[in-house]
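*Asks:* Provided below are the primary sequence and the corresponding predicted coordinates.
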Amino acid sequence: MAEAFVDALPAAGRKGVIASPQPVAPVGRLEPFLVGHPQPNGESVRAGRRALELARGLRPDELLVVLLSGGASAGLAAPLDGLTLEDKAAAADALMAAGVAIDGLNCVRKHLSSIKGGRLAVAAGGRCLTLAISDVVAPLPDDPAVIGSGPTTPDPTTYADALALCRFPAVEEQMPASVVARLECGRRGELPETPSPGDARLAEAVFRLVGSREDAVAGARREAERRGFAVATLRAPLTGEARIVASRHLDAIARLADSLPRPACVLSAGETTVRVVGPGRGGRNQELALAAAPELAVRFDAAVLASIGTDGIDGPTDAAGALADTTTVRRAAARGLESPLHYLDTNDALAFFDPLGDLVRTGATGTNVGDLQVALIA
């Protein structure tokens, strides 16, 4: 995004920040920071504070341009006074391990931050243009308040909403006491709320969506048609707990494929979640493929389902996702692997797919519009 911006407007960007979880060379006059993802690190805090400093230092004739994508929640971190980076990381860990969806996770993040939830735009006096690519699929697709935790857009959530999420049974025991205390102060009105919709301070802030999961699906459709597949698309975003929604997703694929000539391709996109109960390694895309594997051979003579993260990163692994086909379970048994259910119960999808050569490794792509699923039926 930074490279495209500088190519299009080489004279723009007097100063700036690039917050990236992969090493990047400086682009124009933009200073790179090697930030953490999915958890922030010290560089995330440096990048967040530098972004706030730049916003507060705008000249009257200048505009803050924010090139925003999924991952910015971890890439730009500025904990509220009284909170540490470790507090924020522990809070996010507790929410993610419980399978809380991205809108809930970012609701809490916004109320622990000096930069999220519209506060970056306030620091710029409201004079900002945001160009965003979206990995947000639900409950409101491409919600500006959720992408990157909405640093330049009004926030419809409150401290009370964030506190309620932290009191979920699966979350409360792991939530740092300092975080709960901070949210309690906010709920009592002792801290200023994030700017809500209609806040005059954001009246001049402009937001434009320039990329989303629809673009990923459209690109996949063009390529599938070029290769001779009859293509159909599942319009509704794929959401929910990966291991649970896999069977429902295969139902939907089978219904669409019945009306298509062969070879057929069914495309979908979205973002599932994983409830972490075991010590293994994997991600939501790998877990979705793993849960689908036992059913594929029952439903189809010959088919493959791939699920990948468009950023090239699936959970805390070096894979973008995985593929399963109608031979997966048989090949796994021949290699002496346990059943897919065993690996699901330990959240260890990577250990299942890696010996089979069925992990999808693309490397980091530099963009993020959620997850893409491709089903091919012979």
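*Replies:* Looks like it arrived, so ask away. Numbers count the residues shown, from 1 in each chain.

*Asks:* contacts and neighbour counts: CA atoms only from here.
*Replies:* Will do.

*Asks:* per-domain residue ranges of the protein.
*Replies:* Domain assignment of the chain by automatic domain parsing yields the ranges 2-211, 213-377.

*Asks:* around the closest residue to Lys116 other than its chain neighbours, how many other residues sit close by?
*Replies:* For Lys116, ignoring the flanking residues on the chain, the nearest one in space by C-alpha to C-alpha, 6 or more residues apart in numbering is Pro151 at 4.1 Å. Neighbour count of Pro151, defined by other C-alpha atoms under 10 Å: 28.

*Asks:* that older thread, can you lay out the domains of the chain as a markdown table showing mean pLDDT?
*Replies:* Below are the domains of the chain laid out as a markdown table (pLDDT from 0 to 100):
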| stretch | mean pLDDT |
| --- | --- |
| domain 2-211 | 92 |
| domain 213-377 | 95 |
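
*Asks:* pretty sure the residue nearest to Lys116 is in a strand, no?
*Replies:* No: counting by DSSP: H, G, I helix; E, B strand; the rest coil, one finds Pro151 to be coil, located in no strand.

*Asks:* ok, now how distant is it from Asp87?
*Replies:* 20 Å (C-alpha to C-alpha, to the nearest Å).

*Asks:* let me see the contact set for Leu80.
*Replies:* When contacts are counted by C-alpha atoms under 8 Å, 6 or more residues apart in numbering, Leu80 is found next to 112-114.

*Asks:* counting neighbours, which of those comes out on top?
*Replies:* That'd be Leu112 among the contacts of Leu80, by other C-alpha under 10 Å, with 28 neighbours.

*Asks:* state the distance from the residue of the chain most remote from its centre to Leu356.
*Replies:* Taking C-alpha atoms, centre = their mean as the measure, the residue most remote from the mean C-alpha position of the chain is Ala334, 35.3 Å away. For Ala334, the distance to Leu356 equals 10 Å [C-alpha to C-alpha].

*Asks:* run through the bridge partners of the residue lying closest to Ala257 once chain neighbours are set aside.
*Replies:* Distances taken as C-alpha to C-alpha, 6+ apart put Ala264 closest to Ala257, at 6.5 Å, once the chain neighbours are dropped. Counting by DSSP bridges, Ala264 is bridged to Ala230, Ile377.

*Asks:* Ala264: what's it in contact with?
*Replies:* 229-232, 257, 376-378.

*Asks:* which among those residues count as buried?
*Replies:* Among these, those scoring as buried are 229-232, 257, 376-377 (criterion: 16 or more other C-alpha atoms under 10 Å).

*Asks:* return the distance of stretch 136-146 from the chain's centre.
*Replies:* Distance of stretch 136-146 from its chain centroid, counting by C-alpha atoms, centre = their mean, to the nearest Å, is 11 Å.

*Asks:* buried ones in that stretch?
*Replies:* Applying a neighbour-count criterion of 16+ other C-alpha under 10 Å, one finds 136-138, 141-146 buried in stretch 136-146.

*Asks:* count the neighbours of Phe168 for me.
*Replies:* Other residues near Phe168 number 13, with proximity taken as other C-alpha under 10 Å.

*Asks:* how close does it sit to Ser178?
*Replies:* Using C-alpha to C-alpha, we find Phe168 at a distance of 17 Å from Ser178.

*Asks:* so Ser69 touches Ala132, yeah?
*Replies:* Yes: using C-alpha atoms under 8 Å, Ser69 makes contact with Ala132 at a distance of 5.7 Å.

*Asks:* identify the contacts common to the two.
*Replies:* Ile147.

*Asks:* so who does Ser247 touch?
*Replies:* 291-292, 295.

*Asks:* so which of these belong to helices?
*Replies:* Of these, the ones assigned to helices by DSSP state H are 291-292, 295.

*Asks:* so which of these is surrounded by the most neighbours?
*Replies:* Going by other C-alpha under 10 Å, Ala292 tops the ones in helices among the contacts of Ser247 with 28 neighbours.

*Asks:* so the residue nearest to it when sequence neighbours are not counted is in which element?
*Replies:* Using C-alpha to C-alpha, 6+ apart and skipping residues adjacent in sequence, the residue nearest Ala292 is Ala246, 5.4 Å away. Using DSSP states H and E, Ala246 sits in helix 242-258.

*Asks:* please apply the same query to Leu288.
*Replies:* Going by DSSP H and E, Leu288 is in helix 284-299.

*Asks:* what does that helix rub up against?
*Replies:* Applying C-alpha under 8 Å, 6+ apart, the external contacts of helix 284-299 come out as 242-247, 250, 254, 272-274, 303-309, 314-315, 320-329, 340-341, 344, 347, 349-350, 359, 371.

*Asks:* got it, and stretch 149-160?
*Replies:* Taking C-alpha under 8 Å, 6+ apart as the rule, stretch 149-160 contacts 72-73, 106-111, 115-122, 128, 130, 144-145, 183-184, 186-187, 193-199, 202, 205, 207.

*Asks:* perfect, I'm done here.
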